[in-house]
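Asker: make a model of this:
(chains A and B)
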Amino acid sequence: KNEVEQSPQNLTAQEGEFITINCSYSVGISALHWLQQHPGGGIVSLFMLSSGKKKHGRLIATINIQEKHSSLHITASHPRDSAVYICAVPLLGSGSRLTFGEGTQLTVNP
Amino acid sequence: DAMVIQNPRYQVTQFGKPVTLSCSQTLNHNVMYWYQQKSSQAPKLLFHYYDKDFNNEADTPDNFQSRRPNTSFCFLDIRSPGLGDAAMYLCATSNDRPGPQHFGDGTRLSIL
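Answerer: Sure thing, here's the model as predicted:
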């Protein structure tokens, strides 16, 4: 069992739909990262959060430390949101090393 | 804008011919990381520097070396690239550990 699990692996949506990507982890963490990677491109850090909720534009990230679960929401999705979304955590005691989820491939069709 | 810059974006080298990838940052961050990412896989940390302190991952092959001559620059040296080393190489920085990591656009390495 992976220490960080994401669901779904693949997600196809129509433009304008509300999207949710989930991340569950099984060990103690200090914070959780949501990352975005476009095809053939580098990675953009969307959020780092350790409690509650953060919002940036149409993106919202929430985390429930007790339940070891985080969600990334995209409101009013757009084709340019098509990318791989990755959940990553620095496990306690691992220093800087991030443990990554498998990623969720999101495709938003016009 | 402050950023993490990787050069080149695409690098082609021959089997066994040493290659160096570079990363520079204008964020003045303490920590610099090198990741290897193969197709459809999650990034894998190779090593990181906390200031001048080098931290190698246990499973990073000896073929991979790194240098950080100053705060702004970090290099990844692959001494004798094999076909299995073809991948995207990502550089990232953070102000502390664990802090939010800022990634470069990556260098895609091909081996002929």
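
Asker: now do the strands in chain A.
Answerer: Assigned by DSSP state E, chain A shows strands spanning A:4-7, A:10-14, A:19-25, A:32-37, A:43-49, A:52-56, A:59-64, A:69-74, A:83-90, A:98-100, A:104-109.

Asker: between those, which has the poorest mean confidence score?
Answerer: Across the strands of chain A, strand A:98-100 has the smallest mean pLDDT, namely a mean of 86.

Asker: so who does B:Ser72 touch?
Answerer: Residues in contact with B:Ser72 (CB atoms under 8 Å, 6 or more residues apart in numbering or on different chains) are B:Ser24, B:Gln25, B:Thr26, B:Asn28. All C-beta spots, glycine's among them, are computed from the backbone N, C-alpha and C.

Asker: I'd assumed B:Ile5 was in contact with the second one.
Answerer: By that I understand B:Gln25. Yes. Look at B:Gln25 against B:Ile5 with CB atoms under 8 Å: they come within range, at 7.3 Å.

Asker: looking at those two, which is more packed in?
Answerer: B:Gln25 (21 against 14; other CB atoms under 10 Å in any protein chain shown).

Asker: tell me, how many residues neighbour B:Asn70?
Answerer: 8.

Asker: picking that back up, and the strands of chain A as CSV, adding mean neighbour count and distance to chain B?
Answerer: Converted to CSV, the strands of chain A look like this (neighbours: other CB atoms under 10 Å in any protein chain shown; distance: least, CB to the nearest CB, whole Å):
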stretch, mean neighbour count, distance to chain B
strand A:4-7, 18, 9
strand A:10-14, 13, 11
strand A:19-25, 19, 13
strand A:32-37, 24, 7
strand A:43-49, 19, 4
strand A:52-56, 12, 11
strand A:59-64, 18, 12
strand A:69-74, 20, 15
strand A:83-90, 24, 4
strand A:98-100, 22, 4
strand A:104-109, 17, 9
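
Asker: kindly reformat these as CSV containing distance to B:Phe75.
Answerer: As requested, these are arranged in CSV below (distance: least, CB to CB, whole Å):
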stretch, distance to B:Phe75
strand A:4-7, 30
strand A:10-14, 36
strand A:19-25, 33
strand A:32-37, 23
strand A:43-49, 20
strand A:52-56, 33
strand A:59-64, 34
strand A:69-74, 34
strand A:83-90, 24
strand A:98-100, 21
strand A:104-109, 32
